[in-house]
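[1] Predicted model, plus sequence, below.
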Amino acid sequence: MNNRKYLTLPYTFLLICLIPIQQLSAQDWNYQIGLNSSHFRYQSPLTQAQNTYHPEAGLHLSLLRNDRLIDTSKTTSRFLRKLDYQVGLAINQFNSFGEAQNIPFSYNTTYVGLKLGIGMKSALGRGWHVSYASLLHSNKLVLGSQKMGNQVYNLSGNDQFNRIQFQLGGDVKLSKRINSQTALFVFFSESWQLNTIQKEGSQLAINPSTFGFGIQYSPLK
């Protein structure tokens, strides 16, 4: 399972960040809700990758704080003055279903973790802004089950799902300023699991695409 092709989008975001952009205030809080479409990828040590998994919708919730990466009074670099970071908590449901040897199956998992990012925000005029960032997620399973035919299995003791999961990705957000402190936005993100190799040599990756909306609150300065 080759992850190098999954890194194209984050690298693209980083290259975009090299373009000169108007310096903007970045300090705010973001409350996000959306849906995950999770692509499960599994490959055993002796066989090719299985393509029997199909994405199923799952909930995404996150609370993020954005602020400048570096104090503007401490650097003369125009590029560094434009960068901001985001950090926060996220809850994600990664679900999938399929069929193996005429037996239907499904996976339902809920992860809680940290979300980190570095990016920029650009003004489009009339209160509209576009933001983009490269992201790093760390997730831990809190609830999970697998249904195979009429049997249901708890995934909390399954090493394939229960270990800490690391994902690299990127997102784009389009926001509209409502007043001096509040903005509404829609966002789209993609992420790809990095630690796919299991102890027995098999590989499992959960690669979600997320679409949603939220509200951005900027405290008075």
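    Nice, thanks for sending it over.

[2] Which strands or helices does whichever strand or helix holds Gly117 pack on?
    Here Gly117 is covered by strand 103-125, with elements defined by DSSP states H and E. Based on contacts counted as 3 or more CB pairs under 8 Å, 6 or more residues apart in numbering; DSSP states H and E, the elements that strand 103-125 packs against are strand 53-68, strand 84-100, strand 128-148, strand 165-177. Bear in mind the C-beta positions are built from the backbone N, C-alpha and C, glycine included.

[3] how about low-confidence regions in this structure?
    By pLDDT under 70, the weakly predicted segments of the chain are 1-26, 47-50, 199, 220-221.

[4] residue contacts, the most centrally placed residue in it?
    With distances taken as CA atoms, centre = their mean, Ser191 lies nearest the centre of the chain, 5.0 Å away. Applying CB atoms under 8 Å, 6 or more residues apart in numbering to Ser191 gives the contacts Leu135, His137, Gln167, Leu168, Gly169, Asn207, Pro208, Thr210.

[5] Could you say which of the helices and strands packed on strand 103-125 is packed most deeply?
    Highest mean neighbour count of the helices and strands packed on strand 103-125: strand 165-177, a mean of 20 (counted as mean count of other CB atoms under 10 Å).

[6] list the contacts for Pro137?
    No, residue 137 isn't Pro; it's His. Ala90, Gly113, Leu114, Lys115, Leu116, Gln165, Phe166, Gln167, Leu168, Gly169, Ser191.

[7] Let's see that with 10 Å instead.
    With contact taken as CB atoms under 10 Å, 6 or more residues apart in numbering, His137 is in contact with 62, 90, 92, 111, 113-117, 165-169, 189, 191, 193-194, 208.

[8] Likewise for Phe187?
    Listed by CB under 10 Å, 6+ apart, the contact set of Phe187 reads 30, 32, 34, 60, 62, 131-133, 171-175, 210-214.

[9] ok, now Tyr217?
    Shown here is Tyr217, whose contacts under the criterion CB under 10 Å, 6+ apart are Asp28, Trp29, Asn30, Tyr31, Gln181, Thr182, Ala183.

[10] didn't the last one look like it was pressed against Val130?
    Spelled out, it's Ala183. No - counting by CB atoms under 10 Å, Val130 is not a contact partner of Ala183; they are 11.9 Å apart.

[11] Please identify every residue contacting each of those two.
    Where contact means CB under 10 Å, 6+ apart, the residues bridging Ala183 and Val130 through contact with each are Lys173, Ser175.

[12] who's the nearest residue to Gly58 once chain neighbours are set aside bridged to?
    Residue nearest to Gly58 in three dimensions, not counting chain neighbours: Gln93, with 3.0 Å by CB to CB, 6 or more residues apart in numbering. With DSSP bridges applied, Gln93 shows beta-bridge pairing to Thr110.

[13] go on, the one 10 residues further on?
    With beta bridges defined as DSSP bridges, Ile103 has these partners: Ala100.
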